[in-house]
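Q: Any chance you can model this:
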Amino acid sequence: MTSTFSRITRRAGILVAGLLLAQTALSGFAHAEEDRAKLMAEHRGGTMTLAAVSAAGTVDPAINYTGQFWQIFQMTYDGLLKFKQAGGTEGFKIVPSLAEAMPEVKNDGKTYVFKIRKGVKFSNGKEVMPSDVLASFQRIFKVKGPTMGSFYNGFVGADKCIEKGETCTLDGGVIADDAAGTVTINLVVPDAEFFSKLAVPHASILPADAPAADAGTTPIPGTGAYMIESYNPNDKMVLKRNPHFKEWSVDAQPDGYADEIVYKFGMTEEATINAIINGQIDWMFDTPPSDRLPEIGEKYAKQIHLDPLAAFWYAPMNTNLAPFDNVKVRQALNYALDRDALVGLFGGEALAQPTCQILPPDFPGRADDCIYTKDPGSEWSEADMDKAMQLVEESGTKGQKVTVIAEDNAVSRSIGTYLQSVLTDLGYDASMKAISPNIQFTYIQNTNNNVQISVTQWYMDYPAPSNFLNVLLSCDSFHKGSDSSINIAGYCNKDLDAKMKAAMTLSLTDQDAANAEWAKIDKGFMAEAPLAPLFTPKSVNFTSARLGNYVFNKQNRWIASQSWVK
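A: This next block holds a predicted model:
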């Protein structure tokens, strides 16, 4: 069954490739060479309308861990530092944001002194002060943010905050001086990725009186060019200009073109595509279904933007629940997957490529290596069903019930159904359940929901191997009974944990040597197979004919604030 399916989907992929690949060069186009003030005068105003099958959960920037809303947070919140809001690889550069400049570094890389910009105000009119910075970092632990144990556990005092978040003070770790306008951060040990961790939305600076609990659907005031005026995950999000915003850094937080941005939720992919064609919607978050790609690639080629991503789709397997508490079962599924078929489900070879390792192609620490294929080598070639069946027999788990949890959208449902079919072929009593993308990501993280296997994706927070391996699979990223347990497999390998910590330390002095260690760690995790990598995707953005100045940032994807509508 899988080989026939693979041939069909690969043919579809070749057709789409011919229509879309020529558009790749258009994806990073922007008018950077023109006078920005003139462009703003000509194009400022109007309402831009976005659409997604569903919302992405909480609008609390310290908690939400989705690419969908991290895109929105770029124009609504700021940290001390930020990834540059520019096209292409310029987006990997880290620039000062609420800090006046990059910090003064002391104490052999363990102490950082930031000078806070004067005059920057939250959308509620309150000026940003160093005390807001302290409160925001304390709040990460009080709300049990998903990266408190992987990004911010290096602060002095973080150990006590992780143990008891409600009383977190970060005493000695973060020192705020409102009179001097400075914030001093002390680390236990130097951290080569510290600036990157300060530049992501989880480190957004919020008012000191922000609630010490998940804000849910109630937006917290921010400092960005836009503010979230209202949010109903069953209907829409409305963003309007921050009335107190004055552009302080075009690199960190540029002023936006549209007066209002409306983000609609609940439309199907099919309905959204038709609405874009009719000029009623300007951009869709979800990947267009593969059966519509040939049509839109041929008729609306100038409105398709194909952009590479440092990301992968994968199936985390709960290593603490049967049958995936048996390593042979996890290995069996990896051997059984026809990754060509999975690529076809995503839209074909133009839009994705097979993978059977965690780090994506052309990424630091990546060494091409595929265990789970016939004739193992540098890349995946074809499934090895005989090996998979042998491992299932040896595991003694055949016949057990397995439920795959997928997002309720076209692509994820099709992948979930495919995984169900493979598990059935392996001898399991398999079923698939699709739930709203608005809750699926948090649902599959919480151990109380007893999810055995799921379909999900991981998009780079910043370009470092630890951002895949340490974040997704470290012992510190696993929190029982929490919606913020990004180690969805619930896997804890203390030996590999120690090797990751050593690699992060080594990166301070020898990045090449550290990358070599990360390659070994990637292979080590795949030998234990707590997850099944499926494919690495490209971003497919379909925009309306009236949307101009499309800019794709390799760090944070499309920069919505820098597009205009005619």
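Q: dump the residue contacts of Lys142.
A: Taking Cβ atoms under 8 Å, 6 or more residues apart in numbering, we find Lys142 in contact with Gly165, Glu166, Cys168, Ala212, Ala213. To be clear about C-beta, it is placed using only N, CA and C from the backbone, and glycine gets the same treatment.
Q: Can you name the two of the residues you listed that sit furthest apart?
A: Cys168 and Ala213 (13.3 Å; Cβ to Cβ).
Q: what bits of the chain have low per-residue confidence?
A: Segments of the chain classed as low confidence (criterion: pLDDT under 70) are 1-34.
Q: Name the nearest residue to Pro103, ignoring sequence neighbours.
A: Tyr112 (4.1 Å; Cβ to Cβ, 6 or more residues apart in numbering).
Q: counting contacts, what elements does whichever strand or helix holds that neighbour pack onto?
A: Tyr112 is part of strand 111-115, with elements assigned from DSSP states H and E. Packing contacts for strand 111-115, counted by 3 or more Cβ pairs under 8 Å, 6 or more residues apart in numbering; DSSP states H and E, involve strand 104-106, strand 182-186.
Q: just the buried members of the contacts of Lys142?
A: Gly165, Cys168 (16 or more other Cβ atoms under 10 Å).
Q: Isn't the residue nearest to Pro103 up against Glu104?
A: Yes - the pair Tyr112 / Glu104 is scored as a contact, 7.2 Å apart, by Cβ atoms under 8 Å.
Q: So which of those two has more stuff around it?
A: Taking other Cβ atoms under 10 Å, Tyr112 and Glu104 do not tie; Tyr112 has more neighbours (21 against 12).
Q: gap between that one and Glu393?
A: When distance is defined by Cβ to Cβ, to the nearest Å, Tyr112 is 56 Å away from Glu393.
Q: Against Phe195, how distant is the residue nearest to Pro103?
A: 9 Å.
Q: what's the answer for Met284, then?
A: 33 Å.
Q: These two - which one has more neighbours?
A: Between Met284 and Phe195, Met284 has the larger neighbour count (other Cβ under 10 Å), namely 24 against 17.
Q: Strands of the stretch 251-400 of the chain, residue ranges please.
A: Remark: strands assigned in the stretch 251-400 of the chain by DSSP state E, counting those that start in this stretch are 260-265, 283-284, 304-308, 311-316, 352-354.
Q: Quick check: which of those is nearest to Asp483?
A: Here strand 311-316 is closest among the strands of the stretch 251-400 of the chain (Cβ to Cβ), at 15.0 Å.
Q: Return the list of helices and strands in contact with that closest one.
A: Secondary-structure packing of strand 311-316 (3+ Cβ pairs under 8 Å, 6+ apart): strand 453-454, strand 456-459, strand 531-542.
Q: For Arg339, which of those is the nearest?
A: strand 531-542 (6.1 Å).
Q: So what are the sheet partners of the closest one and their directions?
A: With DSSP bridges as the test, strand 531-542 is paired with strand 304-308 (antiparallel), strand 311-316 (antiparallel), strand 352-354 (antiparallel).
Q: Need the winner for burial among these.
A: Of all the strands paired with strand 531-542, strand 311-316 carries the top mean neighbour count, a mean of 24, counting by mean count of other Cβ atoms under 10 Å.
Q: So the closest residue to Ile371 other than its chain neighbours versus Ala341, what's the distance?
A: Closest residue to Ile371 in three dimensions, ignoring its sequence neighbours and counting by Cβ to Cβ, 6+ apart: Met526, at 5.7 Å. Using Cβ to Cβ, Met526 is found at 20 Å from Ala341.
Q: what about the two, which has more around it?
A: Ala341 (24 against 21).
Q: Return the residues in contact with the residue nearest to Pro103.
A: Pro103, Glu104, Val105, Lys106, Thr184, Ile185, Leu187, Phe194.
Q: could you redo these as a markdown table and give each row distance to Leu506?
A: Below are the contacts of Tyr112 laid out as a markdown table (distance: Cβ to Cβ, whole Å):
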| residue | distance to Leu506 |
| --- | --- |
| Pro103 | 23 |
| Glu104 | 25 |
| Val105 | 19 |
| Lys106 | 22 |
| Thr184 | 27 |
| Ile185 | 23 |
| Leu187 | 17 |
| Phe194 | 15 |
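Q: Now do the end-to-end distance for stretch 227-236.
A: 14 Å (Cα to Cα, to the nearest Å).
Q: and what of stretch 207-218?
A: 14 Å.
Q: Buried residues, that stretch. List them.
A: For stretch 207-218, by 16+ other Cβ under 10 Å, it's Pro207, Ala208, Ala210, Asp214, Ala215, Thr217.
Q: how about the nearest residue to the fifth one, chain neighbours excluded?
A: Nearest non-adjacent residue to Ala215, counting by Cβ to Cβ, 6+ apart: Asp60, 4.1 Å away.
Q: Confirm for me that that neighbour is in contact with Thr217.
A: No - under the criterion of Cβ under 8 Å, Asp60 makes no contact with Thr217, lying 9.5 Å away.
Q: Can you report how many residues lie near Gly46?
A: 16.
Q: Grab the nearest non-local neighbour of it.
A: Val565 (4.6 Å).
Q: how close does Ala212 sit to Tyr491?
A: Ala212 is 30 Å from Tyr491, by Cβ to Cβ.
Q: Ok, Ala135 next?
A: Ala135 is 34 Å from Tyr491, by Cβ to Cβ.
Q: do the same with Ile162
A: Distance from Ile162 to Tyr491, by Cβ to Cβ: 19 Å.
Q: the more surrounded of these two?
A: Tyr491 (25 against 17).
Q: Apart from its chain neighbours, what residue comes closest to Phe122?
A: Using Cβ to Cβ, 6+ apart, the closest residue to Phe122 is Pro221 (4.2 Å).
Q: and the one you found, how many neighbours?
A: 20.
Q: Am I right that it sits in a strand?
A: No - going by DSSP: H, G, I helix; E, B strand; the rest coil, the assignment for Pro221 is coil, not a strand.
Q: what about the helices in the stretch 201-350 of the chain?
A: Remark: helices assigned in the stretch 201-350 of the chain by DSSP state H, counting those that start in this stretch are 269-277, 293-299, 327-336, 339-346.
Q: Please name every helix or strand in contact with the third one.
A: Right, helix 327-336. So helix 327-336, by 3+ Cβ pairs under 8 Å, 6+ apart, packs with helix 385-395, helix 410-425, helix 511-528, strand 531-542.
Q: for the ones you listed, which one ends up most surrounded?
A: Of the helices and strands packed on helix 327-336, strand 531-542 is the most buried (mean count of other Cβ under 10 Å), at a mean of 24.
Q: For that strand, output the C-alpha coordinates as CSV.
A: What follows is strand 531-542 as a C-alpha-only set of coordinates in CSV (Å, rounded to 0.1, in the frame of the first residue of the first chain):
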residue,chain,number,x,y,z
LEU,A,531,10.5,10.4,18.3
ALA,A,532,10.2,9.6,14.6
PRO,A,533,11.4,12.4,12.3
LEU,A,534,9.2,12.7,9.2
PHE,A,535,10.3,15.4,6.9
THR,A,536,11.8,18.9,6.8
PRO,A,537,9.3,21.5,5.3
LYS,A,538,9.5,24.7,3.4
SER,A,539,7.2,27.6,4.2
VAL,A,540,4.5,28.0,1.6
ASN,A,541,2.8,31.4,1.9
PHE,A,542,-0.1,32.3,-0.4
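Q: Tell me the strands beside the helix or strand following it, with direction?
A: The helix or strand immediately downstream of strand 531-542 is strand 547-548, counting by DSSP H and E. Strand pairing for strand 547-548, using DSSP bridges, gives strand 564-565 (antiparallel).
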